[in-house]
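Visitor: mind looking at a prediction? Sequence and model below.
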Amino acid sequence: MDATDGKPGGTGPGTGVPERNWAGNVRYAAARRHRPTGLDELRSLVAGSDRIRAVGTGHSFNRLGDTAGDLVSLAGLPQTVEVDRERATVTVAAAMRYGDLATRLHAAGFALPTMASLPHISVAGAVATATHGSGDGIGNLATAVSALELVTADGDLLTVRRDADGDRFAGMVVALGALGVVTRLTLDVVPAFEVRQYVRLGLPRAALDEAFASAYSVSLFTDWRGGADDPRGAAGRIGQVWRKQLADAPPPPADWLGTTAAAGPVHPVPGMPAQNCTAQLGEPGPWHERLPHFRLGFTPSSGDELQSEYHLPRAAAAGALAALDPLADRIAAVLQICELRTVAADELWLSPQYGRDSLAVHFTWIGDGDAVAPVLAEVERALAPFVPRPHWGKVFTLDPAAVAAAYPRFADFAALARELDPAGKFRTDLLDRYLPR
Ligand SMILES: Cc1cc2nc3c(=O)[nH]c(=O)nc-3n(C[C@H](O)[C@H](O)[C@H](O)COP(=O)(O)OP(=O)(O)OC[C@H]3O[C@@H](n4cnc5c(N)ncnc54)[C@H](O)[C@@H]3O)c2cc1C
């Protein structure tokens, strides 16, 4: 658990392995916790265990990574970063946080094309759930992976590469931890770049597509509150637009899409301090200090919350938001903030963006699961016609058959999991619910 993000450590006695997730809504049921310091130790541990799961930094909101058996953190393994300048790749230890990787990469003159809203998460944990940032032309974080090394059920070390293992590789990247314990990942990198971040207020929803297309990475925030008499804007307005543009692109004009410029730095969650956020007001800075919303070393988001997110075909954006309109008051009553982002299509079997450019509709709920549950069910019913794919690391209750039907390669992934893990060593209750044996 990251002790620098304002949350209690919560690690098991003497093990340095989290006892609960970051949000505190999941207490890991593990009978045993492990923090191996070498690869051979990890391989023996996996080979000798009946039930085992890896944990990253514990920032997921559901029980995908929970196990009653052995819980293993890879944070004790050497935290290596190897940059290959000729191939433009970096090979990184699984447990490394994106924020730490980014600092090292930037110093070497390289960048990742995208980052999540927070840099506190581990590379392997984020890739396992297809964590994403935003950008019409930018894939999720897992799309940068060109090779993976993992310890499989029998303790063997398996390496798979995008250029050598073709279709099978596409099934193994976003793997929900179901195929083995990932030890190292190779990621594509690009030359380091600078970004300016501008926050604009009060975007008419009709301008949503234009706003998304206006810059390298764009996030929209709405609280689902407001009506014709609300000083924050008429119904349907987006409260904040976070526009992250390449530093040499021209700033948005004063009257951009009917918005106004934020007078000072802001936080997307009402009431939270702007100092937790990356620099705004157009101040140029390195990619890794602008693409995330939240700064390493500060609490990301609000800290007392649950999150859900649904990925929908990009073309369905207007219809999907209109389908949620009748629920606006119900949503607002248990919501801290809602974020809309775009993610480019990819070919990774279990990626929520598989085969379709996507709109990601994200909800930061209050921390009260009982109050959120009935609203979540209504949101899922309203979005059902748009074939939603849930964020694998957030709270969802969608029907397993509907989830399976939303992924053309779901059965292929289930077969891959059976082949690599015939005894179900890496299974969890949540996997058993969604992934047929
Ligand atoms: C404040 C906050 C903001 C967030 N913002 C975003 C965002 O902008 N975009 C987004 O898409 N998501 C976001 N998330 C969700 C988060 O990125 C995902 O839940 C991510 O998976 C968390 O990474 P982690 O390292 O904490 O993984 P964990 O939660 O520890 O693990 C996630 C899964 O990966 C598996 N796993 C971990 N390590 C390994 C390994 N070495 N080998 C095999 N399997 C492994 C675990 O078993 C588990 O199933 C946010 C979460 C929080 C708390």
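Guide: Sure, I can see it. Fair warning: this is a prediction, and the values are worked out from it, not measured in the lab.

Visitor: what sits closest to S214 if chain neighbours are left out?
Guide: Distances taken as Cβ to Cβ, 6 or more residues apart in numbering place R243 nearest to S214, at 6.4 Å, with adjacent residues excluded. For the C-beta atoms, the positions are set from N, CA and C on the backbone; glycine is no exception.

Visitor: now swap in P422 and tell me
Guide: Counting by Cβ to Cβ, 6+ apart, A153 is the residue found nearest to P422 once chain neighbours are left out, at 7.3 Å.

Visitor: now A30
Guide: Nearest residue to A30, sequence neighbours excluded (Cβ to Cβ, 6+ apart): L71, at 3.6 Å.

Visitor: likewise for G282?
Guide: Leaving out its chain neighbours, the residue that sits closest to G282 by Cβ to Cβ, 6+ apart is R196, at 4.7 Å.

Visitor: so the one you found bridges to which residues?
Guide: Listed by DSSP bridges, the beta-bridge partners for R196 are Q245.

Visitor: kindly report the same for the one 4 residues further on.
Guide: With DSSP bridges as the criterion, the beta-bridge partners of R200 are V241, A261.

Visitor: distance of it relative to V241?
Guide: Counting by Cβ to Cβ, to the nearest Å, the gap from R200 to V241 is 4 Å.

Visitor: repeat for D370
Guide: Per Cβ to Cβ, D370 is found 33 Å from V241.

Visitor: comparing these two, which residue is more hemmed in?
Guide: When D370 and V241 are compared for neighbours, V241 comes out ahead with 27 against 6, by other Cβ atoms under 10 Å.

Visitor: quick one, what contacts that one?
Guide: V199, R200, L201, L203, A211, V218, S219, L220, F221, T259 (Cβ atoms under 8 Å, 6 or more residues apart in numbering).

Visitor: restricted to helices, list those.
Guide: Applying DSSP state H to the contacts of V241, the entries found in helices are A211.

Visitor: next one: phi and psi at Y98?
Guide: Dihedral angles of Y98 (phi, psi; degrees, to the nearest 10) stand at phi -60, psi -40.

Visitor: residues contacting the residue lying closest to it once chain neighbours are set aside?
Guide: Distances taken as Cβ to Cβ, 6+ apart place P119 nearest to Y98, at 4.8 Å, with adjacent residues excluded. Shown in contact with P119 (Cβ under 8 Å, 6+ apart): R97, Y98, G99, A102, H288, P292, F294, R295, L296.

Visitor: hmm, 7 Å instead?
Guide: P119 makes contact with R97, Y98, G99, A102, H288, P292, L296, according to Cβ atoms under 7 Å, 6 or more residues apart in numbering.

Visitor: check G16 too.
Guide: For G16, the contact set (Cβ under 7 Å, 6+ apart) comprises R35, S73, A75, G76.

Visitor: I'd like the distance between the nearest residue to L187 once chain neighbours are set aside and the ligand.
Guide: Excluding the flanking residues, the one nearest L187 by Cβ to Cβ, 6+ apart is A144, at 4.4 Å. In this view, A144 and the ligand are 14 Å apart by Cβ to the nearest ligand atom, to the nearest Å.

Visitor: may I have the distance across stretch 174-190, first residue to last?
Guide: One end of stretch 174-190 sits 22 Å from the other (Cα to Cα, to the nearest Å).

Visitor: pull out the buried residues from it.
Guide: Buried residues in stretch 174-190, defined by neighbour count with 16 or more other Cβ atoms under 10 Å: 174-189.

Visitor: which pair in these spans the largest distance?
Guide: Using Cβ to Cβ, the two most remote members of these are A178 and V189, lying 27.4 Å apart.

Visitor: wouldn't T89 be in contact with R184 here?
Guide: No: the criterion here is Cβ atoms under 7 Å, and T89 misses it with R184 at 11.7 Å.

Visitor: select only the buried ones of the contacts of G16 in ChimeraX?
Guide: To isolate the buried ones among those in ChimeraX, judged by 16+ other Cβ under 10 Å, type:
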select :35,73,75,76
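
Visitor: just the contacts of G16: which are in strands?
Guide: Using DSSP state E, S73 are the members of the contacts of G16 that sit in strands.

Visitor: the ligand: which of the contacts of G16 is nearest?
Guide: The closest of the contacts of G16 to the ligand turns out to be S73 (Cβ to the nearest ligand atom; 8.4 Å).

Visitor: residues contacting the closest one?
Guide: By Cβ under 7 Å, 6+ apart, the neighbours of S73 are G16, V17, R35, V55, A95.

Visitor: give the helix, strand or coil label for L187.
Guide: Using DSSP: H, G, I helix; E, B strand; the rest coil, the structure places L187 in strand.

Visitor: quick check: it vs A102, distance?
Guide: Distance check for L187 against A102: by Cβ to Cβ, it reads 11 Å.

Visitor: with the ligand as the reference, measure out to the residue nearest the centre of the chain.
Guide: The chain has T131 as the residue nearest its centroid, 2.7 Å off, counting by Cα atoms, centre = their mean. Counting by Cβ to the nearest ligand atom, the gap from T131 to the ligand is 4 Å.

Visitor: list the contacts for that residue?
Guide: A116, I121, N140, L141, G393.

Visitor: which one of these is nearest to the ligand?
Guide: For the contacts of T131, the residue nearest the ligand by Cβ to the nearest ligand atom is G393; the value is 2.6 Å.

Visitor: how much space between that closest one and A401?
Guide: Remark: distance between G393 and A401 (Cβ to Cβ) = 21 Å.

Visitor: between those two, who's got more neighbours?
Guide: Comparing G393 with A401 by other Cβ under 10 Å, the one with more neighbours is G393, at 24 against 10.

Visitor: which residues touch the more buried one?
Guide: Residues counted as contacts of G393 (Cβ under 7 Å, 6+ apart) are S60, F61, N62, L64, T129, T131.

Visitor: neighbours of the fifth one, just the number please.
Guide: In this case it means T129. When neighbours are defined as other Cβ under 10 Å, T129 has 28 of them.
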